[in-house]
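[1] here's a sequence, model it:
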Amino acid sequence: MRIRDFRIEDYDAVIDLWTDAGLPFRPEGRDRREAIARELQGAQAVFLVAEDGERIVGVVFGTHDGRKGWVNRLAVAADCRRRGVAKALVGEVEARLRGLGIVIVACLIEDENAISQTAFARLGYARHPEILYHAKRFVSGA
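    Next comes the predicted model:
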């Protein structure tokens, strides 16, 4: 397995991976090809894939705002789980963000996603049940 930068040509394979993993995504909003391509042009994106041969078996999208980093959209192919793929992807995102001077990395996980909650707890991420997430969407489907 090797980890490399996500390229827009990986988009369809990544969408398939998200679908297979049951991750919610917004193909008409923030997750559409054009939106992701635009993010890739900015300095805040650390988008990575894990490959086994030519097959993409994992993906993680990391971002930062200059002071805090975020781990987003972590997914691993079902037949490749429990082999260290998620750990390697998150570790690489963390390393790259630290290289940019980011010293806090966080993630948002849906309450019903027990698999991700367990995975991130094993990776040293602490849950903060006292934090409530609020969002304002200016575009439907974003």
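[2] which helix or strand contains Ser116?
    Using DSSP states H and E, Ser116 maps to helix 114-122.
[3] check which helices and strands that helix sits against.
    Judged by 3 or more CB pairs under 8 Å, 6 or more residues apart in numbering; DSSP states H and E, helix 114-122 is in contact with strand 69-76, helix 85-99. Placement of C-beta: from N, CA and C, glycine included.
[4] mind checking how far it is from the chain centre?
    Relative to the centre of its chain, helix 114-122 is centred 14 Å away, using CA atoms, centre = their mean, to the nearest Å.
[5] quick check: mean pLDDT across that helix?
    Averaging pLDDT along helix 114-122 yields 91.
[6] winner for burial among the helices and strands packed on helix 114-122?
    With neighbours taken as mean count of other CB atoms under 10 Å, these reach their highest mean count in strand 69-76, at a mean of 22.
[7] how big is the angle separating that strand from helix 114-122?
    130 degrees (axes from the mean of the first three to the mean of the last three CA atoms, to 10 degrees).
[8] can I get the CA coordinates of strand 69-76 in PDB?
    Below are the C-alpha coordinates for strand 69-76, written out as PDB (Å, rounded to 0.1, in the frame of the first residue of the first chain):
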ATOM      1  CA  GLY A  69      -6.800  21.100  11.100                       C
ATOM      2  CA  TRP A  70      -9.700  18.800  10.200                       C
ATOM      3  CA  VAL A  71      -9.900  15.200   9.200                       C
ATOM      4  CA  ASN A  72     -12.800  14.700   6.800                       C
ATOM      5  CA  ARG A  73     -14.200  11.900   4.700                       C
ATOM      6  CA  LEU A  74     -12.100   9.000   6.000                       C
ATOM      7  CA  ALA A  75     -13.100   5.800   4.300                       C
ATOM      8  CA  VAL A  76     -11.500   2.400   3.700                       C
END
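[9] still on that earlier bit, for the helix holding Ser116, give me every contacting residue.
    Residues from elsewhere that reach helix 114-122 (CB atoms under 8 Å, 6 or more residues apart in numbering): Val71, Leu74, Ala86, Lys87, Val90, Cys107, Ile109, Glu110, Arg127.
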